[in-house]
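Asker: I'll drop the sequence and a predicted model, then ask my questions.
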Amino acid sequence: MAARIEHLVTSGEFTLDGGTWKVDNNVWIVGDDQEAIVVDPAHDADAVAAALGDRRLVAIVCTHAHNDHVNAAPALAARTGAPVLLHPDDEVLWQQTHPDRAPDGPLTDGQVLTVAGTELTVLHTPGHSPGAVSLYAPALGTVFTGDTLFAGGPGATGRSFSDFPTIVESIRDRLLALPPDTVVRTGHGDSTTIGTESPHLAEWIARGH
C-alpha cells in the first residue's frame, strides 16, 4: 500500500519571549497501515498516538523547535520508541521547552527519510527559526513547510532567533523552486500550493522593507 497523508489538529499554547498565545497546530502523519512518520507532534501525545494506532512509528520529525511544535515529542517518543529528529541549529529553542531531554538525532539538509517506500527530503529553510526545515515528498506531490511558508506568505519573523530576509531567501531558493502544483502543508491553517504563493514573492520582499 502506498504512503498516505493524514491530518490532525491539536490545540494549546505557543510561548516565546515572555508572551503566550493560544494556537491550533497541524500534525501530519505520513505512512501506510504498517509504519508512519509524524511531523510536528503538538500539544497532545495521546491524540497523536490514537491516530497512529498500532503502526510502527519510524521517526518524530520536528520542522522547528518552537514549543507548540515539540511539546508532545518526548511523550510520544516514550510511548513509541521512535527517535525525535531536529536540525541542530534549533537546539537552543528546544532547550527552552525540554532542558532535560535532548533530541535523538539531527536533521540535515538533503537528508532523505523513508517511510512506507516513500522518500521525504529534508530542506533546510531557516528564517522563522535558525534550524527550520521543510520536508519534500515528490511522490506525494507535497511539501511540509512547518511555519516557513503559509497560505498567504512567510511565517512570522518578529521574535527571537528569526530573520525576515533569511526566511524570504529560504522560500525563494528552496520552496518556490519546487513544481507549481506541489501542495504546501503548513504548521497552522489551510494548505496551499507553490504555484499559488510564488507570484507574491515580490510583495513579501517589499513588505519587509
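Answerer: Received the coordinates, thanks. Predicted, not measured: the structure shown is a model, and the values here were computed from it.

Asker: Pull out the buried residues from stretch 149-164.
Answerer: 149, 150, 153, 154, 155, 157, 161, 162, 164 (16 or more other Cβ atoms under 10 Å). Placement of C-beta: from N, CA and C, glycine included.

Asker: Same check on stretch 200-209?
Answerer: Neighbour counts over stretch 200-209 (16+ other Cβ under 10 Å) mark residue 204 as buried.

Asker: So which of the buried residues of stretch 149-164 belong to strands?
Answerer: 149, 150, 153, 154 (DSSP state E).

Asker: In the sheet, which residues pair with the third one? Tell me.
Answerer: Spelled out, that is residue 153. residue 150 (DSSP bridges).

Asker: For it, list the residues it contacts.
Answerer: 197, 200, 204, 207 (Cβ atoms under 8 Å, 6 or more residues apart in numbering).

Asker: and which of these is nearest residue 85?
Answerer: residue 197 (26.1 Å; Cβ to Cβ).

Asker: The chain: strands as residue ranges?
Answerer: Using DSSP E, strands in the chain cover 4-16, 19-31, 35-39, 56-61, 84-86, 105-106, 112-115, 118-124, 133-137, 142-146, 149-150, 153-154, 183-186, 192-193.

Asker: Report the inter-axis angle for the first one versus strand 133-137.
Answerer: So that's strand 4-16. For strand 4-16 against strand 133-137, the angle by axes from the mean of the first three to the mean of the last three Cα atoms, to 10 degrees is 170 degrees.

Asker: if we can go back for a sec, out of the contacts of residue 153, which one has the lowest pLDDT?
Answerer: Least confident entry in these, by pLDDT: residue 207, with 77.

Asker: What separation is there between the closest residue to that one other than its chain neighbours and residue 83?
Answerer: Counting by Cβ to Cβ, 6 or more residues apart in numbering, residue 153 is the residue found nearest to residue 207 once chain neighbours are left out, at 7.9 Å. Distance from residue 153 to residue 83, counting by Cβ to Cβ, to the nearest Å: 33 Å.

Asker: ok, now residue 65?
Answerer: Counting by Cβ to Cβ, the gap from residue 65 to residue 83 is 15 Å.

Asker: who's more crowded, those two?
Answerer: Ranked by neighbour count (other Cβ atoms under 10 Å), residue 65 and residue 83 place residue 65 first, with 26 against 14.

Asker: what about the strands of the chain, which gets the closest to residue 47?
Answerer: strand 4-16 (5.8 Å).

Asker: which residues are in contact with the closest one?
Answerer: By Cβ under 8 Å, 6+ apart, strand 4-16 touches 20-32, 42-44, 47-48, 51, 66-68, 71-72, 96, 140, 142, 159-160, 185.
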